[in-house]
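Asker: Kindly generate the corresponding structure for this input.
(chains A and B)
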Amino acid sequence: MKLATWNVNSLTVRLPQVLDWLAANPVDVLALQELKLTDEKFPHDAFTAAGYQAECFGQKTYNGVALLTRSPMSAVVRNIPGFEDEMARVISATVNGVRVIGAYFPNGQEPGSDKFAYKMRWLKALHGWVATELLASPKLVLMGDYNITFDDADVWDPVGLKDSIHCTEEERAHLRALTALGLHDSLRLFPQPEKSYSWWDYRDFAFRRNRGLRIDHILVSDALKPSVSACSIDKAPRKNERPSDHAPVTVALDLPH
DNA sequence: ATGCCTCAGCTCCTGAGA
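Answerer: You can find the predicted model right below:
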């Protein structure tokens, strides 16, 4: 079973690239973030033709998430139950016995801002909910655009960006609280190239200079960890014309069928 | 550096992203 996550920064603009990527990378599950479109505009037909069913949670202009799967989904849940939120950031479903959560974590803008405070509240709510989910569904994958780096290895300029958004100790403490639930950073279970990032600013030739951050993650639960056989970041779509600023991340699980 | 790109929308500028 292969799963992937990709912040596409407008599905309207990126749909052809998503279809191309799926054709070349026929994963079983793809979590999408930043659709930037409403449910009525979600391209169900295009994904059906590509062999995927979709559950979407759209929103106008900002946010919006979806899950694409080859097998049927059950128990689809939108956002974090019990956490009032105007923004469409989370969609979860059970696929082939695995609980899959796709999430677009808040950006936070700047430490000390209202948006940062919202990010902290959201992270706390996510933690409580995921803890409950793990009890009911030990085989769980939490993947998406976390908008948080784990440590300096995830940052192209750890000195210059120290304590800036995505790199603060407060954000990282929330990320560690998630891993403390028994979740594992899939990418670091395997050797990776030096300076592996999943996002690069559109400006200043950041991709060409590999000035990026690793903020898109796939966390797998204790129960799934022994079955993880690979995890990688696919930089190829970032080289497309009109790319998303994020690259997809893929994980492979060896699960009995 | 109040910049740099990119996207959506009450679209020819602004807000937000990260």
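Asker: Write out the residues of chain A neighbouring DNA strand B.
Answerer: Applying Cβ under 7 Å from any atom of the strand, we find that chain A lies next to DNA strand B at A:7, A:9-10, A:12-13, A:34, A:36-37, A:60-62, A:106-107, A:109, A:115, A:145, A:147, A:165-166, A:199, A:201-204, A:213, A:215, A:242, A:245-246. Bear in mind the C-beta positions are built from the backbone N, C-alpha and C, glycine included.
Asker: Pull out the buried members of these.
Answerer: A:7, A:9, A:34, A:36-37, A:106, A:145, A:147, A:165-166, A:199, A:213, A:215, A:245-246 (16 or more other Cβ atoms under 10 Å).
Asker: Go through these and flag which are in strands.
Answerer: A:7, A:145, A:199, A:213 (DSSP state E).
Asker: residues contacting the last one?
Answerer: By Cβ atoms under 8 Å, 6 or more residues apart in numbering, A:L213 lies in contact with A:149, A:154-156, A:166-167, A:197-200.
Asker: and if you look at the third one?
Answerer: Residues touching A:W199, when contacts are defined by Cβ under 8 Å, 6+ apart, comprise A:7, A:145, A:212-216, A:245-247.
Asker: Also the first one?
Answerer: Neighbour list for A:N7: A:32-34, A:104, A:144-145, A:199, A:216, A:244-246 [criterion: Cβ under 8 Å, 6+ apart].
Asker: Relative to DNA strand B, which of those is nearest.
Answerer: Relative to DNA strand B, the closest of the contacts of A:N7 is A:W199; by Cβ to the nearest atom of the strand it sits at 4.5 Å.
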